[in-house]
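# please find the sequence and the predicted model below.
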Amino acid sequence: MLGLLLASALAGAPAAATSLGPAPRGSTVLTAVAGRPFYSVRVDHGIFERADVGAGIDIASAGFVRPMAGARVRLLSERTVSLALRVAGGMTIPTSNGGYGPRAVVRTWEGELGLSADWPFAPRLSGYVEMTLLGQTDFKAEHSANFGQALAGLEWAPGGPVSLLARGGVLQGSRGRALIGNAGVAWRF
């Protein structure tokens, strides 16, 4: 099965636009992923050729939702690699008495700053890496934390406006470490 996917990805079709970086001006990308730690839905819309704005919601089995808004700017766009800066902000809102083990989830403000690189190494297949700094606080020391996140993944564009995504990595911070990963679909229109 993996061999068929790779053979299809390496077929001689023209390179597909990646949904991993900023959406081009006037285009919209709807992304839905499922995994750990969140199930997420996000919409991004290109406002300039190298920048987009977006909003989304993350839903966690630990008992919270996280609405987010942000922007991505493509800093460098070469034939072999693109670099983008991502800034996002939002809020963690508890939906139950959930949490991670003995730690309860409380309402906090969140911010993210990430640098990502994606490169189309085959006509229908792109690689992706991102390093992100994350912070959350309710302006009390016991509910404030900072994290670093490293992600790597693939995007496969089998044709048309739909791409399949898979990402994995690690989240390390003042509250511990966790493996993260998700898979999903992106639709460009």
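That came through, no problem.

# show me where this structure has helices.
Along the chain, counting by DSSP state H, helices occupy 2-9.

# in it, what spans have low per-residue confidence?
Along the chain, the model assigns pLDDT under 70 to residues 1-19, 97-104, 141.

# residues in contact with residue 161?
Residue 161 makes contact with 187, 188, 189, according to Cβ atoms under 8 Å, 6 or more residues apart in numbering. Yep, even glycine has a C-beta here, placed from its N, CA and C like the rest.

# and the nearest residue to the second one once chain neighbours are set aside, how far from residue 29?
If you skip the residues right next to it in sequence, residue 188 has residue 161 as its closest partner in space, 4.5 Å away by Cβ to Cβ, 6 or more residues apart in numbering. Distance, residue 161 to residue 29, using Cβ to Cβ, to the nearest Å: 9 Å.

# identify the residues contacting the residue positioned nearest the centre of the chain.
Centroid-nearest residue in the chain: residue 20, 7.6 Å away (criterion: Cα atoms, centre = their mean). Going by Cβ under 8 Å, 6+ apart, residue 20 touches 116, 118, 126, 128, 153, 155, 165.

# ok, those vs residue 176, which is closest?
residue 153 (22.6 Å; Cβ to Cβ).

# which residues are in contact with the residue nearest to that closest one when sequence neighbours are not counted?
Of all residues beyond its chain neighbours, the one nearest residue 153 is residue 167 (3.2 Å), with distances taken as Cβ to Cβ, 6+ apart. Neighbouring residues of residue 167 by Cβ under 8 Å, 6+ apart: 33, 35, 128, 151, 152, 153, 154, 181, 182, 183.

# apply 10 Å and report the result again.
Residue 167 makes contact with 20, 33, 35, 128-130, 151-155, 180-184, according to Cβ atoms under 10 Å, 6 or more residues apart in numbering.

# select from these the one having the most neighbours.
Neighbour counts for those (other Cβ atoms under 10 Å) peak at residue 20, which has 26 neighbours.
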